[in-house]
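In: no sequence for this one, just the structure:
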């Protein structure tokens, strides 16, 4: 029996208190899912999977899922495609040469993939990380080729544990405080994610100047390793090797009840504006991972339920604190994400970094004196350097920061009713959404809603 470097209780405690991404080593040596290579999975999964197809380019704009092609293919057909070096292609991938395109079977729920093979659920042992009963049923499978990627985004509700099985994946992570540098957007819309408008490997620094100050943490995840991605950390993920396989467990940690109100509010605004016919509503604004558009009444019901849950939780917290009023002051402390009162030992908890837990450190961005040119700004090549110095970063104007929620909206076009070619502003529905569902706006409106509710119930 292999002995893990951390007990389930220790691992759970690390995940609970960790504020930065880290890599667990030697925690999966006895996991049967270590054998889930793409060759092995091709014999277990014979039905067709949906693959997302993208072109191998170095664009200065993110390739969102709405802009990709999709095909249905078996893993066996996928393997044949990756091994095909000839120009003559057959099968589902016949229109996409593997040298020019990448393929990604992402967000595949293991509970559905192995519905007729439930014994395989036990091959993924998240219980070793202090989550009893959590296994493959609570995970997603990701199979891709070199270059397969997900646009930079943050997950709204919880944290992630990512188990790398085959090949390597490079993770580019940004802390929550850098949201203003990443120009967040809800288009394409996905309820549980917020995307960045920036292509983080090839950024357009003229369009997104604040990105110069983004603090990137980069790690290449090796087979057998597990990456912990804390709540609200931005991440861009790319496959490094010809074939990669990984398993992701998204753990919902509801640390902020008002966040659910904000999510419900966002959904209500997005669905309302995008359901109104307009000339610029012909884009693919809804992510393929979403089930569909909810009606306004459904969204309002969802919003009311979220507000009620938040109010109920606030009342429970008030009652709990009232019951502590006669106790010594030292016992009245902060609470953890599960609602339990933190003990002095938990408040002084020190994460045991060492040979089995490696922090993902801030990537070094050396200064240089070369001209401001995005071709010099490459995070995935340490030999290339940043095109601006810290002094230049600090001199960025407030006006540039104010533009972050909708920089692309400022397109000069001929104003209606003019004949002299005068310039004007064209604001589209998507531009309106960029402004209205910007995290700062949603946070402010959420606070206003909760303040009004508390006034009514006081």
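Out: Sure, I can see it. These figures come from a predicted structure and were not determined experimentally.

In: Check the burial of residue 50 by counting its neighbours.
Out: For residue 50, the neighbour count with other C-beta atoms under 10 Å is 14. Any C-beta I mention is one placed from the backbone N, CA and C, and that applies to glycine too.

In: name the helices or strands packed onto whichever helix or strand it is part of?
Out: Element membership of residue 50 [criterion: DSSP states H and E] is strand 49-55. With contacts defined as 3 or more C-beta pairs under 8 Å, 6 or more residues apart in numbering; DSSP states H and E, strand 49-55 has these neighbours: strand 69-73, helix 75-83, strand 101-109.

In: which outside residues touch the first one?
Out: Contact with strand 69-73 is made by 48-54, 81, 91-93, 96, 288, as judged by C-beta atoms under 8 Å, 6 or more residues apart in numbering.

In: Most neighbours among those, which one?
Out: residue 51 (27 neighbours).

In: Work out the gap between stretch 196-213 and the centre of the chain.
Out: Taking the mean of its C-alpha atoms, stretch 196-213 sits 17 Å from the chain's own mean (C-alpha atoms, centre = their mean, to the nearest Å).

In: So which bits of it are buried?
Out: Neighbour counts using 16 or more other C-beta atoms under 10 Å place 196-205, 207-212 of stretch 196-213 among the buried residues.

In: and the longest helix for the protein?
Out: helix 296-322 (DSSP state H).

In: before we move on, back to that, looking at the helices and strands packed on strand 49-55, which is buried most?
Out: strand 101-109 (a mean of 20; mean count of other C-beta atoms under 10 Å).

In: and after it, which helix or strand comes next?
Out: helix 110-113.

In: neighbouring contacts of the helix or strand following that following helix?
Out: For helix 110-113, the following helix or strand on the C-terminal side (DSSP H and E) is strand 140-145. Contacting residues not belonging to strand 140-145 are listed as 36, 38, 41, 49, 75, 78, 82, 98, 102-110, 113, 239, 242-250 [C-beta under 8 Å, 6+ apart].

In: residue ranges with poor pLDDT in the chain?
Out: Across the chain, residues meeting the criterion (pLDDT under 70) sit at 1-2, 85-88, 253-256, 316-348, 365-424.

In: tell me the domain ranges of it?
Out: The chain breaks down by automatic domain parsing into domains covering 8-253, 258-336+438-456.

In: So for residue 361, which of those domains sits nearest?
Out: domain 8-253 (6.5 Å; C-beta to C-beta).

In: right, and residue 237 touches residue 173 too?
Out: No: if you go by C-beta atoms under 8 Å, residue 237 and residue 173 don't touch, sitting 9.4 Å apart.

In: re the thing from before, residue 161: which of the helices and strands packed on strand 49-55 is closest?
Out: The nearest among the helices and strands packed on strand 49-55, by C-beta to C-beta, is strand 101-109 at 15.6 Å.

In: Centre of the chain to the closest one, how far?
Out: Centroid separation for strand 101-109 versus its chain: 15 Å, with C-alpha atoms, centre = their mean.

In: thinking again about what came up before, go through the helices and strands packed on strand 49-55 and name the closest to residue 295.
Out: Per C-beta to C-beta, nearest to residue 295 of those: strand 101-109, 25.0 Å.

In: Got phi/psi on residue 291?
Out: Backbone geometry at residue 291, expressed as degrees, to the nearest 10, gives phi -70, psi -30.

In: got a list of what it touches?
Out: Taking C-beta under 8 Å, 6+ apart as the definition, residue 291 has no contacts.

In: Please report how far it lies from residue 47.
Out: Distance of residue 291 to residue 47, computed by C-beta to C-beta, to the nearest Å: 21 Å.

In: ranges for the helices of the stretch 251-400 of the chain?
Out: Remark: helices assigned in the stretch 251-400 of the chain by DSSP state H, counting those that start in this stretch are 257-274, 296-322, 344-347, 390-394, 398-402.

In: Show me what the first one is packed up against.
Out: Spelled out, it's helix 257-274. Helix 257-274 packs on helix 296-322, helix 429-436, helix 439-456, going by 3+ C-beta pairs under 8 Å, 6+ apart.

In: can I get the ones you listed in CSV with distance to residue 151 and mean neighbour count?
Out: Converted to CSV, these look like this (distance: least, C-beta to C-beta, whole Å; neighbours: other C-beta atoms under 10 Å):
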stretch, distance to residue 151, mean neighbour count
helix 296-322, 25, 14
helix 429-436, 16, 19
helix 439-456, 17, 14
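
In: To residue 222, which of those lies closest?
Out: Using C-beta to C-beta, the helices and strands packed on helix 257-274 put helix 439-456 closest to residue 222, at 33.4 Å.

In: Tell me the bridge partners for residue 22.
Out: Legend: beta-bridge partners of residue 22 under DSSP bridges are residue 228, residue 359.

In: Make residue 1 into 313 and carry on from there
Out: Sure thing, new numbering starts at 313, so read that last one as residue 334.

In: how near is it to residue 542?
Out: 9 Å.

In: So between the two, which is more surrounded?
Out: Ranked by neighbour count (other C-beta under 10 Å), residue 334 and residue 542 place residue 334 first, with 21 against 18.

In: Spit out the contact partners of the more buried one.
Out: Counting by C-beta under 8 Å, 6+ apart, residue 334 has contacts 326, 539-540, 663, 665, 669-672.
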